[in-house]
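Chemist: requesting a structural model of the entry that follows:
(chains A and B)
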Number of protein chains: 2
Amino acid sequence: MTATEARPTASLGHEELHRIDRYWRAANYLSVGQIFLVDNPLLHEPLRAQHIKPRLLGHWGTVPGLNFLYAHLSHQVAKRGTEMMWIVGPGHGGPAAAATAWLDGTYTDVYPDVTQDTEGMRRLFRQFSFPGGLPSHNAPEIPGSIHEGGELGYSLAHAHGAAFDNPDLVVATVVGDGEAETGPLATSWQSHRFANPARDGAVLPILHLNGYKIANPSLLARIPEHELVSLLEGNGYHPRVVTADDPETAHVRMAEALDASLDEIADIQRDARSGGPVPNVRWPMLVLRSPKGWTGPDEVDGLPVEGTWRSHQVPLPAVRDDPEQLRALEEWLRSYRPGELFAPNGAPLPEVCASLPVPERRLSASPHANGGLLLKDLRLPDVRDYAVRVPEPGRVRHQATRVLGDYVGDVIRANPRTFRMMGPDETTSNKLDTAFADSGRAWDARRLPTDEYLDPDGRVMEVLSEHLCQGWLEGYLLTGRHGLFNSYEAFVHIVDSMFNQHAKWLKVTRDLPWRRPIASLNYLLSSHVWQQDHNGFTHQDPGFLDHVLNKKPEIIRVYLPPDTNSALVTTDRCLRMRDTINVVVAGKHPALSFLTMDQARAHLERGAGIWEWASTDDGAEPDVVLACAGDAPTRETLAAAALVREHLPELRVRVVNVVDLTRLTERHPHGMTDRQYDALFTANKPVIFAFHGYPSLVHRLTYRRHGHENLHVRGYKEEGTTTTPFDMLMLNDLDRFHLVMDVVDHIPGLGIRAAHLRQRMQDERMRCRAHTREYGDDPPDIRDWTWG
Amino acid sequence: MTATEARPTASLGHEELHRIDRYWRAANYLSVGQIFLVDNPLLHEPLRAQHIKPRLLGHWGTVPGLNFLYAHLSHQVAKRGTEMMWIVGPGHGGPAAAATAWLDGTYTDVYPDVTQDTEGMRRLFRQFSFPGGLPSHNAPEIPGSIHEGGELGYSLAHAHGAAFDNPDLVVATVVGDGEAETGPLATSWQSHRFANPARDGAVLPILHLNGYKIANPSLLARIPEHELVSLLEGNGYHPRVVTADDPETAHVRMAEALDASLDEIADIQRDARSGGPVPNVRWPMLVLRSPKGWTGPDEVDGLPVEGTWRSHQVPLPAVRDDPEQLRALEEWLRSYRPGELFAPNGAPLPEVCASLPVPERRLSASPHANGGLLLKDLRLPDVRDYAVRVPEPGRVRHQATRVLGDYVGDVIRANPRTFRMMGPDETTSNKLDTAFADSGRAWDARRLPTDEYLDPDGRVMEVLSEHLCQGWLEGYLLTGRHGLFNSYEAFVHIVDSMFNQHAKWLKVTRDLPWRRPIASLNYLLSSHVWQQDHNGFTHQDPGFLDHVLNKKPEIIRVYLPPDTNSALVTTDRCLRMRDTINVVVAGKHPALSFLTMDQARAHLERGAGIWEWASTDDGAEPDVVLACAGDAPTRETLAAAALVREHLPELRVRVVNVVDLTRLTERHPHGMTDRQYDALFTANKPVIFAFHGYPSLVHRLTYRRHGHENLHVRGYKEEGTTTTPFDMLMLNDLDRFHLVMDVVDHIPGLGIRAAHLRQRMQDERMRCRAHTREYGDDPPDIRDWTWG
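Modeler: Numbering: from 1, shown residues only, chains lettered A, B, ... in the order given. Next up is the predicted model:
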């Protein structure tokens, strides 16, 4: 065991210690008040049942430890002038975050009606866990937060995202021992191996072992200490363990451990920034062992509470009805000696706030925690410079992601400290590798001569963890920068839940005027369902779109660019957006281009439009609409349109392409009016819609539209395997031949020629199937098909 | 560093070494053949372009290491008679798994047309990565697999699930160094802390560091070895590092390390099973460092291939067109000396298979990897014994999950070695704690006197990782046992992607007659969106149902029991099912009961039905249908029905409750016929549907039904916060008053009385809102409302 056990020293002066302790007591007092009181906040009169909230909903367990850490971190900032923000990983840390922000004055800065006096304190108490008030977590409503901690596991990833490219910032990150059991947190310990101490700020993890989760002990608190230390050292840290119980000793130990850790960070950074090679850095970190519910009731009803899971939530649940518990609560509150902490008018006394830093350095006032304040527009190259030449629609092939790679590479070049691309080791596979050809991929571990593009200063971040990619990017965006996450389409489901939480965060912050808009979170999904080749069924899943579209329409954008120029203009647009989550699905294989850059831009502006050059309705009402969204479905639709034109030339066919999926629903800000919708899709003609994803998604978006009963959607119906691209389409009835069959089936009275055509299409499918089974490839006429 | 560095010894006899090596070479030969050849499998003639597959789709990198391990594990099994299965964590291990199974004869047992001769070998080669053939992973089609490895990160969790309650089983688990970067794998190292060496089998993790992922180095291969060892020791292991390059030395080292590890497992088990206390067990594990693409081409086109990421996929990609590469391939294949391995007719020579165990112990033939073979029905208590008394509908309250907890507790008691419940420390919070009151919660780490219900032999498994809960349960089910996963509704999204993969696995295995059906995966979701109290917006998300319903209908069941007896009969039904994934959403708070046990059973049989006692249509065509699904929506619908009856008594109202959501869609095996649907919902009357989840889900399920344009769904529209249960409903327009307003709005010509009623409902909403804002609680008349 090589961890340093902190020992009391003289490094913390007597007065400093008392200042910190007063701040801690004040924060604890305010936290207990939030959980229990609606009135009589300063106990100016004896506590009575009517001062207690009618529904006691809150959590005490983690709070005193958080307050303790906040007091000590603030002290360090005041002493050193460090630029610091904090991240609260444990769930239910809300009362601590609100209490400390109120004590700092930040809460009142943001919510002027919650004043630093008795009435403000009463409001602070009342609103917590009260309808429409503050939830139990470090929610967006609380200044200083970029991490709510409602769903656990992402604190350390967020912290690293915040620290990247912020060389002067220290992100103190409290990791709960509950969240430490989650997968995302367990792999987050490796994040520092992608951080460059010369260029990036530092994360100071503080693993808070209070020993219990909701109703169970936490694992890391119960393994032998030598194993814990070994685990953290193996993760590349130099841990210092502070065991706290008696507050006075705890203060001294914590002050010493923080001092030493911050000194160590300064040393690492100085060494790295003096230009020498970056070694395998061992970063400092802290482990704080403190009792759950520290300073709370020892026992309630004869059962131990402090130091057990029973202090997780409300330790005195019957306080309104049980005079014994009411007395215990009053005793508990008075144990913090509020008279030494607050003036009679409720204002915190100067000696409580004496350990606070200068206002602009208060942890809860960090501008990094309101990243929109710091956000600058990206310097974007002119997307037209990347245009591919499309002399005629549907004749030449391009690889959308390859071209996007060039574009993103230049975005990186033009924004060398404010833009990053993340990906789970799929950037090359997704054909985006030119994005890092110049700037490299972030890598601080050992390098070998055979390595390529690995660079401690790399801007593309690759780690085989979608959780880390998402967590880092969220942290980076929330602190005012820009980025892009590229992933295989199927596996982005790994972060469904993280997406949910970010969408919820954005929904709330959009309604908080003091929270400035941040850059949008951009997903670029490639290696999509329609060409997986060897990977097969596990890699075929277009359901992220369905998932995303459950969230608030204001926040969600979904794009299915049909070709390379469309993918370019879409990505360019996404990189300019704020406070949304954008999903772009783009293919990586050579695929037909249909639109010039100008056409692509105009098409994106409309979001959906008629492709006249492929239509035979001559601007009049068509007999059938062939609609499509997504690159492969678009190609099949055009091939079907060509077949219909050839075999049923009298039929008026209209081809409609949808690039912005949310245009389809009237419930989205981008949604078409019914009139616009009818002008494209008609009010009553059959529409055969070839869709990239699950067909029900299109139905779900359009069920209120006119003529919905005539809408027939083909898409992925969960039929997949290892096979060729065209066979995949056939398995799901999305191939050109089946689309023609659908046309025949849905237009009554087409007669015998149509019946023959239908049979012929069936035969074509048989032919293709047989060819594929024989040669392991698509028939050349399918593979090489072009329009016109 | 305390890891043992394996050293060559005499422990592996000369003949044994050569047997193992021959098996390895044969497996490597067969793997290369699968990637490249369609013909000439034994090189009976010189290799020509037409022997090569037209599309080269496969992965070599991880394969030789897997073959190496399989040969050694087989040798150990043969020597010791151990009952062993293996799990292949790395992606793209398919060729190795198929090659070794074919060599063992298991592949031919299962697929008699893929014989152990030249023609069979040709088929084996041809089908790999060929349309409709084997994908690149250890797919369900391959005998011996319970873990496909298409999506990475779950090998170790699956392995532990397989080992639980299989005391004689050793699960050798190859962990890829790519997957080791994922969150789920990173936390899976802790799994053994929940395994009881006296009762459970052993997992032998083999961390395979071949150094590279798709296009990047892997992190754990590049951190200092002392850190790696420290990390694994901190995770509670005793690691042995085997560094392989020269095959002969590697064989000796691996044999020694495996010998020592299996001895150590035997020692641990003997100690634990002799009845003494279970200490903090340090399990053995292996680290294998071997070059990526070991034994493959050294260099191609002047660039290093073996030992770099360039060997990840097809190392000779131009072999069909480039004579140089063709020659290199032939050389490569011949380097394994096929003449020493296969008879002229293609059968493996006896000296290749001499190291194999007896047929029933072959790794690829393990019955545990085809769990349905071992599956026995659960002994289920009579669910009627748990019925709550419901004298009249809607008058008394019960807590559904509390009663379920009693039932599950007895299921555990009756099936002490074949049933487990998993949960991310939410079992108590979900009010299911009586489930472990008798049997305890699994816990092998340190215990304190204040702990409750922790037991090394506990049957309820709680760890704060949904990934581990899901992974363990999948492993447990796939090896022929039963279980239940209880989770907060919102956070089950954390395992969206794991759910996907399990659903895909089931879809494929259902079509493989030799794979016997396994017990269904049961989700019990509680702490649902409609009562979160303090937790607020982060905890409000009913979207898992949407996600689940994208998968094949045959595999998916979704139940929304309206009350306690319904939850009981639903759970009882789910525990009897096979090869499906069942989702049950049940509330944990006291809620009105409507159905007696017999009624609940009959209602579940129908899946959806008219509640006559709440309807006023007297069996005739109603004016409006009030439909509902979910406990809170059902209560609100009944309250709305009561309001309509009171205020618009002339209106004929029908109340329909849906318990089996898939009854709604004609595309599900449970789906109603149109006639049945119309008989419930009418063909053209307004239907106001109060739904538990996102409204669009109901539309998506019903868009083809008659009268869909008259269907108006209320549900969660992503409006949430910290508030009371009724306020949550109001925020989303799902409250009784709004439902009445909807009735008024959708029945034309109701006249002035209806208009007044509408206004009154608005006023009621205002009253409730004001009460909640003032008192922090719902009005008593709402909270205490009962039917009738």
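
Chemist: quick one, strands of the stretch 51-200 of chain A?
Modeler: A:83-88, A:169-176 (DSSP state E, counting those that start in this stretch).

Chemist: out of those, which is closest to B:P686?
Modeler: strand A:83-88 (48.5 Å; C-beta to C-beta). The way it works is simple: take the backbone N, C-alpha and C, and place the C-beta from them, glycine included.

Chemist: quick one, the closest one and strand A:169-176 angle?
Modeler: 20 degrees (axes from the mean of the first three to the mean of the last three C-alpha atoms, to 10 degrees).

Chemist: anything in strand A:83-88 near chain B?
Modeler: No - under the criterion of C-beta under 8 Å from any C-beta of the partner chain, chain B is not reached by strand A:83-88; the shortest gap measures 13.4 Å.

Chemist: how about residues contacting that strand?
Modeler: With C-beta atoms under 8 Å, 6 or more residues apart in numbering or on different chains as the test, strand A:83-88 has contacts from A:66, A:69-70, A:73, A:76-77, A:96-97, A:138, A:144-147, A:149, A:155, A:158-159, A:162, A:168-174, A:361, A:363, A:366, A:368-369.

Chemist: could you do stretch A:769-782 as well?
Modeler: With C-beta under 8 Å, 6+ apart as the criterion, stretch A:769-782 contacts A:723-727, A:730, A:767-768, A:783, B:38, B:53-55, B:130-132.

Chemist: nearest to A:Y488, of those residues?
Modeler: Using C-beta to C-beta, A:P725 is the member of the contacts of stretch A:769-782 that sits closest to A:Y488, with 16.0 Å.

Chemist: can you pull the contacts of the closest one?
Modeler: A:530-531, A:533, A:589, A:632, A:778.

Chemist: show me how to select, in ChimeraX, the buried members of the contacts of stretch A:769-782.
Modeler: Selecting only the buried entries of the contacts of stretch A:769-782 in ChimeraX, with 16 or more other C-beta atoms under 10 Å in any protein chain shown as the criterion:
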select /A:723,724,725,726,727,730,768 /B:38,53,55,130,131
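
Chemist: so the residue nearest to A:L56 when sequence neighbours are not counted is in which element?
Modeler: Closest residue to A:L56 in three dimensions, ignoring its sequence neighbours and counting by C-beta to C-beta, 6 or more residues apart in numbering or on different chains: A:V314, at 4.6 Å. Take DSSP states H and E as the rule and A:V314 turns out to sit in neither a helix nor a strand.

Chemist: I'd assumed A:G61 was in contact with A:V314.
Modeler: No - using C-beta atoms under 8 Å, A:V314 is not in contact with A:G61; the gap is 10.0 Å.

Chemist: more neighbours, these two?
Modeler: With neighbours defined as other C-beta atoms under 10 Å in any protein chain shown, A:V314 and A:G61 compare such that A:G61 has more, 32 against 20.

Chemist: so what's that one up against?
Modeler: Counting by C-beta under 8 Å, 6+ apart, A:G61 touches A:92, A:210, A:212, A:292-293, A:309, A:311-313.

Chemist: can you rerun that using 6 Å?
Modeler: A:292-293, A:311-312 (C-beta atoms under 6 Å, 6 or more residues apart in numbering or on different chains).

Chemist: what of A:L134?
Modeler: Counting by C-beta under 6 Å, 6+ apart, A:L134 has contacts A:94, A:98, A:127-128, A:141.

Chemist: same thing but 10 Å
Modeler: A:L134 makes contacts with A:34, A:58, A:94-95, A:97-98, A:124, A:127-128, A:141-142, B:534, B:536, B:721-722, as judged by C-beta atoms under 10 Å, 6 or more residues apart in numbering or on different chains.

Chemist: for it, which non-adjacent residue is spatially closest?
Modeler: Per C-beta to C-beta, 6+ apart, closest to A:L134 is A:F128, 5.0 Å.

Chemist: can you give me the helices for the stretch 1-150 of chain A?
Modeler: For the stretch 1-150 of chain A, the helices defined by DSSP state H, counting those that start in this stretch occupy A:14-36, A:63-80, A:94-104, A:106-110, A:118-127.

Chemist: again, but for the stretch 501-650 of chain A
Modeler: For the stretch 501-650 of chain A, the helices defined by DSSP H, counting those that start in this stretch cover A:544-548, A:564-574, A:597-606, A:631-647.

Chemist: mean confidence for the second one?
Modeler: Spelled out, that is helix A:564-574. For helix A:564-574, the per-residue pLDDT values average out at 98.

Chemist: now do the first one
Modeler: The predicted model gives helix A:544-548 an average pLDDT of 98.

Chemist: cool, stretch A:492-505 as well?
Modeler: Stretch A:492-505 comes out at a mean pLDDT of 98.

Chemist: and for stretch A:580-590?
Modeler: In this model, stretch A:580-590 carries a mean pLDDT of 97.

Chemist: contacting residues around the residue nearest to A:L56?
Modeler: Contact analysis of A:V314 by C-beta under 10 Å, 6+ apart lists A:35-36, A:53, A:55-61, A:129, B:534.

Chemist: contacts only, for the closest residue to A:R384 other than its chain neighbours.
Modeler: Spatial nearest neighbour of A:R384, excluding adjacent residues (C-beta to C-beta, 6+ apart): A:M597 at 5.3 Å. Counting by C-beta under 10 Å, 6+ apart, A:M597 touches A:383-390, A:564-566, A:568-569.

Chemist: same check on A:D425?
Modeler: By C-beta under 10 Å, 6+ apart, the contact set of A:D425 is A:441, A:462-465, A:469, B:178, B:181, B:212-218, B:309.

Chemist: if we go to 7 Å?
Modeler: By C-beta atoms under 7 Å, 6 or more residues apart in numbering or on different chains, the contact set of A:D425 is A:462, A:464, B:213-216.
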